[in-house]
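Novice: Mind folding the following:
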Amino acid sequence: MDEEQLLFTLFSIVSIAFGGVIGSFINVCAYRLPEGRSVISPGSRCPKCASPIAWYDNIPVISWVLLRAKCRECGEWISWRYPLVEAITAGLGFLVFWRFGISVATPVYIILAASLVLVTIVDLTDWIIPNEVTLPGIPLSIGVALLAMWFPDSGIRVLGHFLPVFNALIGVIVGGASLYLLDKISLLLLKKRGMGMGDVKLLAMLGGFFGYPGVLMVVMVASVIGSIVGVIMITVAKKAPTVAPSETDDEDDEDMVALSGHYLPFGPYLCLGGLVVMFFGADIYDYYMAMVDLGM
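Specialist: Numbering: from 1, shown residues only. This next block holds a predicted model:
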């Protein structure tokens with residue numbers, strides 16, 4: 001194995017481990033943030049018996065396998081969601097390194113990708129997008145754009161014609177304003193919310209990271225995937241057997257109303273759009289600009 005291959009292998013392992021560790025922290029955040037609890041203190045605990053989890057029982061994925069998915073203290077089942085999240089973020093860590101190599105962009109985008117995983121989990125389970133991610137993420141995206149402007153070889157790419165910081169500011173404005181206006185139009189015409197403010201802040205953050213053309217790509221990808229999934233879910237809901245209200249309790253009635261109304265959180269699709277633009281946005285943008293220059 002030559003030196004280049006050795007470095008690639010070493011940094012691949014580091015990226016996977018870094019992503020997995022962040023994934024472990026994301027599990028804590030996804031569990032505590034919706035409840036308004038601190039993600040720092042106390043340390044990781046079993047959700048069933050509240051016993052502190054030792055460091056050797058908190059190694060991403062590996063500990064879950066070695067413990068056979070059971071708490072060492074109480075023997076209760078540990079949800080498969082925990083190692084799944086850790087595996088996803090570890091995989092994203094490797095993919096980011098594979099895409100951006102040894103550069104400043106790699107740790108930045110690993111953290112961003114993991115943050116989008118956190119938003120997806122919380123939005124799917126609790127129907128909220130945590131401000132703890134989006135509100136700091138907006139100024140942080142501007143800081144990353146400044147970093148890209150000062151260090152052109154950092155690997156960070158804020159799409160657009162202008163300096164990265166200006167593209168980032170335009171992206172924040174366009175991203176936030178577009179969904180905000182869509183929500184107001186929906187309220188005016190349809191008398192119901194079109195988008196939540198969490199979606200507005202999330203897209204503003206993504207606009208800061210990817211710039212003005214990039215944020216439009218995010219919306220396009222999210223809309224296409226969301227439409228496909230929405231049509232599938234609506235079709236399934238229509239084919240599902242109808243249950244009389246008297247045969248269900250109040251909680252089941254609420255679930256039926258939500259399903260019959262076809263309410264779907266949009267945040268996960270925005271996050272997926274953000275990942276697509278992170279990995280392929282620069283290539284798409286360069287291809288489009290090449291076509292424009294050729295007059296096509």
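
Novice: ok, so what distance separates Cys271 from Ser115?
Specialist: 9 Å (Cβ to Cβ, to the nearest Å). (Each C-beta comes from the backbone N, C-alpha and C, glycine too.)

Novice: So for the two, which residues contact both of them?
Specialist: Here Cys271 and Ser115 have no joint contacts, going by Cβ atoms under 8 Å, 6 or more residues apart in numbering.

Novice: quick one: secondary structure of the spatially most central residue of the chain?
Specialist: Geometric centre of the chain, nearest residue: Leu116, 1.5 Å, by Cα atoms, centre = their mean. Leu116 falls in the helix class when you classify it by DSSP: H, G, I helix; E, B strand; the rest coil.

Novice: So it sits against Gly274, correct?
Specialist: Yes: counting by Cβ atoms under 8 Å, Gly274 is a contact partner of Leu116 at 5.5 Å.

Novice: Contact partners for Ser24?
Specialist: 44, 58, 60, 82, 86 are the contacts of Ser24 under Cβ under 8 Å, 6+ apart.

Novice: Can you get me a residue count around Met197?
Specialist: 15 (other Cβ atoms under 10 Å).

Novice: swap that for Phe18, please
Specialist: Neighbourhood size, Phe18 [other Cβ under 10 Å]: 22.

Novice: If you drop the residues flanking it in sequence, what lies closest to it?
Specialist: Among residues not flanking Phe18 along the chain, Gly93 sits closest, at 5.4 Å (Cβ to Cβ, 6 or more residues apart in numbering).

Novice: repeat for Asn131
Specialist: Lys201 is the one closest to Asn131 (Cβ to Cβ, 6+ apart), at 7.0 Å.

Novice: can you tell me which residues contact the one you found?
Specialist: Counting by Cβ under 8 Å, 6+ apart, Lys201 has contacts 129, 131, 134-135, 138, 176.

Novice: Work out for me the element it sits within.
Specialist: Lys201 belongs to helix 197-239 when assigned by DSSP states H and E.

Novice: Distance from that helix to the middle of the chain?
Specialist: The gap between the average C-alpha position of helix 197-239 and the chain average comes to 12 Å, counting by Cα atoms, centre = their mean, to the nearest Å.

Novice: now the helix or strand encompassing Leu84, how far from the chain's geometric center?
Specialist: Using DSSP H and E, Leu84 sits in helix 81-100. Distance, stretch centre to chain centre, for helix 81-100: 12 Å (Cα atoms, centre = their mean).

Novice: what comes up buried for that helix?
Specialist: Buried residues in helix 81-100, counted by 16 or more other Cβ atoms under 10 Å: 82-83, 85-90, 92-97, 99-100.

Novice: any idea of the mean pLDDT for that helix?
Specialist: Averaged across helix 81-100, the pLDDT comes to 96.

Novice: list the helices and strands it packs on?
Specialist: helix 3-32, helix 62-66, helix 105-126, helix 267-293 (3 or more Cβ pairs under 8 Å, 6 or more residues apart in numbering; DSSP states H and E).

Novice: where does the chain have low pLDDT?
Specialist: The chain contains residues with pLDDT under 70 at 1, 193-194, 240-263, 294-296.

Novice: hmm, try it at 50
Specialist: For the chain, residues meeting the criterion pLDDT under 50 lie at 245-262.

Novice: Please, which helix or strand holds Pro42?
Specialist: Using DSSP H and E, Pro42 falls outside every helix and strand.

Novice: Go ahead and confirm it touches Ser51.
Specialist: No: using Cβ under 8 Å, Pro42 makes no contact with Ser51, being 11.1 Å away.

Novice: Looking at the two, which is more packed in?
Specialist: Neighbour count, other Cβ under 10 Å: between Pro42 and Ser51, Ser51 has more, with 13 against 9.

Novice: Not counting its neighbours along the chain, what's nearest the more buried one?
Specialist: Excluding its sequence neighbours, the residue lying closest to Ser51 (Cβ to Cβ, 6+ apart) is Glu73, at 4.0 Å.

Novice: Doesn't that neighbour belong to a strand?
Specialist: No: counting by three-state DSSP, Glu73 is not part of a strand but coil.

Novice: and it, how many neighbours?
Specialist: When neighbours are defined as other Cβ under 10 Å, Glu73 has 16 of them.

Novice: I'd guessed it sits against Lys48; true?
Specialist: No: between Glu73 and Lys48 no contact is recorded; they are 9.1 Å apart, counting by Cβ under 8 Å.

Novice: If I take the helix holding Lys201 and helix 267-293, what angle do their directions form?
Specialist: Comparing the axes of helix 197-239 and helix 267-293 via axes from the mean of the first three to the mean of the last three Cα atoms, to 10 degrees yields an angle of 100 degrees.

Novice: Done for today, thanks.
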